[in-house]
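have a look at this fold, sequence not included:
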């Protein structure tokens, strides 16, 4: 997965914003190395699974995958850095005509991997290696075999989170002003999530991808307004979840009064919710411009925002307080699903826990992931963070490693699904553009009343 992103997805977005980019001197397409990688990344390994099953040693595949995937990722990092050193700097891509969202998303995607990103990735790999060495692989493999087919319902739990986040995004459109259908909105959500998971962009790169894809169906100002409101709503929903989670579990850990924690958590959640409703009603541009003027930083604001900013604010003002609260509620519900997933994983491991333990693990995980967002794909921080949380809560650290690995499998599955959807969407766009009915196919449809 990481290899596909480094060698194909990111260069494709950097040069044309299209995953079907045919490449130039920076591409591996058509080279022996590229052919080998395409073979390795295809489904040909299923034949190996069949052979190992016939000889009765299917566990050999797990051993090879556990070690080989991270060695492969580390090798790709070294290869990319060596190639970057030997090659001349690439010129910045020319701005693409059209809406501001398209050019902005392509400029973001055009940022090449930096030494800082590679350093964080290597640190994450080191943390993962130390965690595996200290905890051991034997217990992990035993736990994974215990879960077995239980991995399927664990993966399905995340679908509830995806649906809730998509509903939150759908509600971020003013009533009756959304042209794109719910299923297409779901595909755009998956595509953006795939990019966010594999890029250390503070989950912003995927939002720009969503804007670019959404501008095929909606006005640019509406696309930016809905994605912006959904992104801020998801971030505020995360903070609300953390406040409520800490308010419920922290008193039990430090011996404080439960009611004091509940009241403090509820107060923080209400304050954050009110702030979100106020921000949407006031408008992003008006707020940013007002703060910039008070700090004498107005000259640093892009001049293009002076035209598009008020349009976005006008779109946001039509949401209304009730719809804004519903947006936030959907995203808070999405964060709660993470705690349910922790409980389901531990249930299949044969060690069911109380709801507050699952909530404590998920709250701590959200905090750790938010602090260490700069690590690509949360390599090492996912597994190491779970081990730390389980040790702190007096649980078996080995089970923390298993929970981290199972969640890694789930995240990779959904990231792969998202990148597959992104490839399909960009391929469909290329096909429609070459069709004489392209303008009709990509034009806005009837407005939705949801």
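Yes, it's here. Predicted model, so just to flag it, every value in this text is computed and none were measured.

max-length helix in this protein?
When the chain is parsed with DSSP state H, its longest helix is helix 397-433.

pLDDT below threshold where in the stretch 201-350 of the chain?
Residue ranges of the stretch 201-350 of the chain with pLDDT under 70: 201-204, 298, 304-306.

likewise the stretch 51-200 of the chain?
Residue ranges of the stretch 51-200 of the chain with pLDDT under 70: 51-115, 117, 199-200.

helices of that one, start to end?
Using DSSP state H, counting those that start in this stretch, the helices found in the stretch 51-200 of the chain span residues 59-86, 100-109, 115-135, 138-147, 151-171, 182-198.

what does the stretch 251-400 of the chain give?
Assignment of helices within the stretch 251-400 of the chain using DSSP H, counting those that start in this stretch yields the ranges 258-282, 284-294, 305-317, 321-348, 355-371, 381-392, 397-433.

show me what the shortest one is in contact with.
For helix 284-294, the external contacting residues (Cβ atoms under 8 Å, 6 or more residues apart in numbering) are 228, 232, 279, 298, 300-301, 305, 308-310, 312-313, 316. Placement of C-beta: from N, CA and C, glycine included.

derive a PyMOL selection command for the buried subset of the residues you listed.
Listed next is the PyMOL selection for buried residues among the contacts of helix 284-294, using 16 or more other Cβ atoms under 10 Å:
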select buried, resi 228+232+279+308+309+312+313+316
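
ok, which pair from the contacts of helix 284-294 is furthest apart?
Greatest spacing in those, by Cβ to Cβ: 300 and 316 (22.7 Å).

now residue 243: phi and psi?
phi -60, psi -50 (degrees, to the nearest 10).

distance of it from residue 183?
34 Å (Cβ to Cβ, to the nearest Å).

between these two, which has more neighbouring residues?
A count of neighbours by other Cβ atoms under 10 Å puts residue 243 above the other of residue 243 and residue 183, at 21 against 9.

now do the contacts for the more buried one.
Applying Cβ under 8 Å, 6+ apart, the residues contacting residue 243 are 265-266, 268-269, 272.

mind redoing it with 10 Å?
Counting by Cβ atoms under 10 Å, 6 or more residues apart in numbering, residue 243 touches 264-273, 363.

mind checking how far the closest residue to it other than its chain neighbours is from residue 247?
Spatially, and ignoring its direct neighbours in sequence, residue 243 is nearest to residue 268 (3.7 Å; Cβ to Cβ, 6 or more residues apart in numbering). From residue 268 over to residue 247 the distance is 7 Å, taken as Cβ to Cβ.

turn the helices of the stretch 251-400 of the chain into TSV, columns for distance to residue 211.
TSV is the format used below for the helices of the stretch 251-400 of the chain (distance: least, Cβ to Cβ, whole Å):
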stretch	distance to residue 211
helix 258-282	18
helix 284-294	14
helix 305-317	11
helix 321-348	17
helix 355-371	23
helix 381-392	28
helix 397-433	13
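
so which of those comes closest to residue 121?
Residue 121 sits nearest to helix 381-392 of all these, at 10.9 Å, using Cβ to Cβ.

other SSEs contacting the closest one?
Applying 3 or more Cβ pairs under 10 Å, 6 or more residues apart in numbering; DSSP states H and E, one finds that helix 381-392 contacts helix 115-135, helix 355-371, helix 397-433.

residue 219 reaches residue 180, doesn't it?
No. Checked against Cβ atoms under 10 Å, the pair residue 219 and residue 180 is beyond contact range at 11.5 Å.

these two - which one has more neighbours?
Neighbours around residue 219 and residue 180, counted as other Cβ under 10 Å, are more numerous at residue 180. The numbers are 22 against 16.

wait, which of the helices of the stretch 251-400 of the chain is closest to residue 120?
Closest approach to residue 120 among those (Cβ to Cβ): helix 381-392, 9.4 Å.

buried sites along that closest one?
Neighbour counts over helix 381-392 (16+ other Cβ under 10 Å) mark 381-390 as buried.

please name the nearest non-neighbouring residue to residue 184.
residue 217 (7.2 Å).

look up how far residue 316 lies from that neighbour.
19 Å.

re earlier: so which of the buried residues of helix 381-392 comes closest to residue 159?
For those, the nearest to residue 159 is residue 382 (19.9 Å; Cβ to Cβ).

per-residue pLDDT of that closest one, please?
With respect to pLDDT, residue 382 scores 85.

got the end-to-end distance for stretch 346-357?
Using Cα to Cα, to the nearest Å, the end-to-end distance of stretch 346-357 comes to 11 Å.

contacts for that stretch?
Contact partners of stretch 346-357, identified using Cβ under 10 Å, 6+ apart, comprise 142-144, 146-151, 153-154, 245, 248-249, 252-253, 339-340, 342-345, 358-361, 363, 390, 393-396, 399, 402-403, 406.

only the buried residues of that stretch, if you could.
Buried residues in stretch 346-357 (16+ other Cβ under 10 Å): 346-349, 353, 356-357.

thinking again about what came up before, any idea which of the helices and strands packed on helix 381-392 gets closest to residue 236?
Distance to residue 236, taken as Cβ to Cβ, is lowest for helix 355-371 among those, at 12.8 Å.

show me which residues of the closest one are buried.
So helix 355-371, judged by 16+ other Cβ under 10 Å, has buried residues 356-369.

those into a markdown table, with extra columns for distance to residue 121 and pLDDT?
Shown next, in a markdown table, are the buried residues of helix 355-371 (distance: Cβ to Cβ, whole Å; pLDDT from 0 to 100):
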| residue | distance to residue 121 | pLDDT |
| --- | --- | --- |
| 356 | 34 | 90 |
| 357 | 31 | 92 |
| 358 | 30 | 94 |
| 359 | 30 | 94 |
| 360 | 29 | 94 |
| 361 | 25 | 94 |
| 362 | 25 | 94 |
| 363 | 26 | 94 |
| 364 | 23 | 93 |
| 365 | 20 | 92 |
| 366 | 22 | 92 |
| 367 | 21 | 91 |
| 368 | 17 | 89 |
| 369 | 16 | 85 |
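
out of those residues, the closest to residue 138 would be?
Distance to residue 138 across the buried residues of helix 355-371 (Cβ to Cβ) is lowest for residue 361, with 23.1 Å.

residues in contact with the closest one?
The contact partners of residue 361, taken as Cβ under 10 Å, 6+ apart, are 245, 249, 338-339, 342-343, 345-346, 353, 385-386, 389-390, 392-393, 395, 400, 403.

same check on residue 369?
Contacts for residue 369 (Cβ under 10 Å, 6+ apart) come out as 203, 238, 375, 378, 381-382, 385.
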